[in-house]
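Asks: How does the following fold in three dimensions:
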Amino acid sequence: MGCTGSSRSKGDGCSESSKKIRKPKPWKHSQPLTRTQLRQMRDEFWDTAPHYGGQKAVEAYLKEIWDALRAAAEADLILGQAIVDSAGVIVQSTDLTTCYDERGAKYELPKYVLSEPTNLIRDS
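Replies: Just a heads-up that it's a prediction; the model follows:
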């Protein structure tokens, strides 16, 4: 269940958008990846993540949030923080793996879109 409503207090058990984001902890993919493979995985995720059926207004809103999450994921921490704050994204996990929008919809980002694995290999 997500956080809803525009006013959140510190004691409500809900993470606020003002929670400071940080780089994800180092992680290892199940098998070594090249930079090209990682880029393909990221592109595939971002290309398919914002596709939902439904009303055009809702789809446009969801696409805005996904675009903001992508921009934050690809930015440095300071800019990423500014992006999630201005988009009204509620950061549940400081590494951005779990976020909510102001309507309570949940957004889950895989680690591979947020950082490189420790077993990344050079392209040949």
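Asks: what ranges do the helices span in the chain?
Replies: Along the chain, counting by DSSP state H, helices occupy 35-48, 56-74, 77-87, 111-114.
Asks: Compare these and report which one is nearest to Arg22.
Replies: helix 77-87 (6.9 Å; C-beta to C-beta). Any C-beta I mention is one placed from the backbone N, CA and C, and that applies to glycine too.
Asks: which helices and strands sit right next to the closest one?
Replies: Applying 3 or more C-beta pairs under 8 Å, 6 or more residues apart in numbering; DSSP states H and E, one finds that helix 77-87 contacts helix 56-74.
Asks: Nearest residue to Thr36 in space, please, no chain neighbours.
Replies: Asp123 (5.2 Å; C-beta to C-beta, 6 or more residues apart in numbering).
Asks: so who does the one you found touch?
Replies: Thr34, Arg35, Thr36 (C-beta atoms under 8 Å, 6 or more residues apart in numbering).
Asks: Go again with 10 Å.
Replies: Thr34, Arg35, Thr36, Gln37, Arg39 (C-beta atoms under 10 Å, 6 or more residues apart in numbering).
Asks: what number of residues lie near the first one?
Replies: Thr34 is surrounded by 13 other residues when neighbours are defined as other C-beta atoms under 10 Å.
Asks: same deal with the fourth one?
Replies: The tally of other residues near Gln37 (other C-beta under 10 Å) stands at 16.
Asks: Point out the other helices and strands that the helix or strand bottoming out on mean pLDDT in the chain packs with.
Replies: Sorting the helices and strands of the chain by mean pLDDT, DSSP states H and E puts helix 56-74 at the bottom, at a mean of 90. Here helix 56-74 touches helix 35-48, helix 77-87, strand 98-100, strand 106-108, helix 111-114, going by 3 or more C-beta pairs under 10 Å, 6 or more residues apart in numbering; DSSP states H and E.
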